[in-house]
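>>> only geometry, no sequence info:
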């Protein structure tokens, strides 16, 4: 089993909260009036007058993550549309509500539609970017949850979730896993007492190692979105794009071959779901396939697709080369070291969304000191697939999107 811990963070600035990660390096904002979105070194694309956003980098040691700032009127238009969606979907089944989200997403402001369309079709900018400027009223949210059994459900929380569902529906098709938190479509990420040192989104004191989300699963997400509701301590999400891995042709060839095992993480197990009070945790059939993946994992390739720009599936704490394969072991070590060098920090602040390509980027989280007093970091996450039909016959749940 291979694990590479993130590099130790630099000391926080004077006055930073205890346990806070290093702040993202300051960057000069590009005036919205410039109407130019940076696409890569030396490459820019001018936008028309309707574009109300500008990009600037965020992050630390690795490659900068592009950032799109919405103008206030566009941010408020998103919130207003989300409120309308929440009202209109209140009397609908979960399945019909998702179809309504896909329809209403076409009414989002044009700058957002352009950015997400470009990302879906071209993979630009990079393998991920931040959308900033979404209105979230922290005072109306209520306290950060402290247990999975808590279900915050006030108007502001529903509106925030509505924004995430609309944005997600423009990029792909929202889905979940039947073995994770009862198949809930949008998951809340917050620290939980007792999970401090576990490789879980509810951990805190120990860094969450960078990984592809649900790397073990053949139907893992194509894209993910993380929406910031609260992050006073500026806890950083770690991020690295894997578009340009500096690996020898021989190492690449090995990584393209089915010589590796990736196991499910703990959040998909029946024991964990029981311990956290997940709906349906007593149904052994719900977790049967996960049990098989854990005890008899298939051999998989780490890289796939276009050799010039491959997709990657990796989860260091839960993966290994097949027994006795020293060449595969060495190739995996080389890959992990290369990705580690590309790691950067992204602080997802209130009203910001990190959009990432789950097959071309990895993400994790820096350690922090949780207080469990209602003010800790709180994100919402949604998984998106490019083709829901791939999971036909393998879905359950009231919304019909919980993959088995």
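Structure's in. What do you need? Please read all numbers here as calculations on a predicted model, not as lab measurements.

>>> Tell me which other helices or strands the host helix or strand of residue 330 touches.
In this assignment (DSSP states H and E), residue 330 forms part of helix 326-341. Under the contact criterion of 3 or more Cβ pairs under 8 Å, 6 or more residues apart in numbering; DSSP states H and E, helix 326-341 touches helix 249-255, strand 319-321. Using the backbone N, CA and C atoms, a C-beta is placed for each residue, glycine as well.

>>> would residue 356 count as being in a helix?
No. Note on residue 356: no helix contains this position according to DSSP: H, G, I helix; E, B strand; the rest coil, which reports strand.

>>> partner residues bridging it?
residue 128, residue 224 (DSSP bridges).

>>> That one contacts residue 363, doesn't it?
Yes. The criterion here is Cβ atoms under 8 Å, and residue 356 meets it with residue 363 at 6.1 Å.

>>> of these two, who's got more company?
Taking neighbours as other Cβ atoms under 10 Å, residue 356 and residue 363 compare with residue 356 leading, 27 against 21.

>>> ok, now which ones touch the more buried one?
By Cβ atoms under 8 Å, 6 or more residues apart in numbering, the contact set of residue 356 is 127-128, 223-226, 239, 363.

>>> re earlier: can you give the distance of the helix holding residue 330 from its chain's centre?
23 Å (Cα atoms, centre = their mean, to the nearest Å).

>>> got the buried residues for that helix?
328-329, 331-332, 334-336, 338-340 (16 or more other Cβ atoms under 10 Å).

>>> what's the average pLDDT for the next helix or strand after it?
Downstream of helix 326-341, the next assigned helix or strand under DSSP H and E is strand 344-347. Strand 344-347 shows a mean pLDDT of 96 in the predicted model.

>>> Against which helices or strands is strand 344-347 packed?
Short answer (3+ Cβ pairs under 8 Å, 6+ apart): strand 344-347 packs on strand 236-241.

>>> residue farthest from the centroid of this protein?
residue 324 (33.6 Å; Cα atoms, centre = their mean).

>>> now the helices and strands packed on helix 326-341 as JSON lines including mean neighbour count, distance to residue 70 and mean pLDDT?
What follows is the helices and strands packed on helix 326-341, written out as JSON lines (neighbours: other Cβ atoms under 10 Å; distance: least, Cβ to Cβ, whole Å; pLDDT from 0 to 100):
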{"stretch": "helix 249-255", "mean neighbour count": "17", "distance to residue 70": "38", "mean pLDDT": "97"}
{"stretch": "strand 319-321", "mean neighbour count": "21", "distance to residue 70": "38", "mean pLDDT": "97"}
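
>>> so what sits against both of residue 356 and residue 363?
In contact with both residue 356 and residue 363: 224, 226, 239, using Cβ under 8 Å, 6+ apart.

>>> Distance to residue 155, pLDDT and neighbour count for those - can I get that in JSON lines?
Converted to JSON lines, these look like this (distance: Cβ to Cβ, whole Å; pLDDT from 0 to 100; neighbours: other Cβ atoms under 10 Å):
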{"residue": "224", "distance to residue 155": "26", "pLDDT": "98", "neighbour count": "24"}
{"residue": "226", "distance to residue 155": "22", "pLDDT": "98", "neighbour count": "22"}
{"residue": "239", "distance to residue 155": "31", "pLDDT": "96", "neighbour count": "27"}
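
>>> Quick check: phi and psi at residue 150.
phi -80, psi 140 (degrees, to the nearest 10).

>>> swap in residue 289?
Backbone phi and psi, for residue 289 under degrees, to the nearest 10, turn out to be phi -70, psi -40.

>>> which sections of this protein are below the confidence cut-off?
Within the chain, the stretches with pLDDT under 70 are 1-63.

>>> So which residues of the stretch 51-200 of the chain form strands?
Counting by DSSP state E, counting those that start in this stretch, the stretch 51-200 of the chain has strands at residues 67-69, 128-132, 173-177, 186-189.

>>> Columns mean neighbour count and distance to residue 92 on top of the ones you listed, output as JSON lines?
Converted to JSON lines, the strands of the stretch 51-200 of the chain look like this (neighbours: other Cβ atoms under 10 Å; distance: least, Cβ to Cβ, whole Å):
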{"stretch": "strand 67-69", "mean neighbour count": "23", "distance to residue 92": "31"}
{"stretch": "strand 128-132", "mean neighbour count": "25", "distance to residue 92": "26"}
{"stretch": "strand 173-177", "mean neighbour count": "23", "distance to residue 92": "15"}
{"stretch": "strand 186-189", "mean neighbour count": "20", "distance to residue 92": "16"}
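
>>> For residue 347, which of those is the nearest?
strand 128-132 (9.2 Å; Cβ to Cβ).
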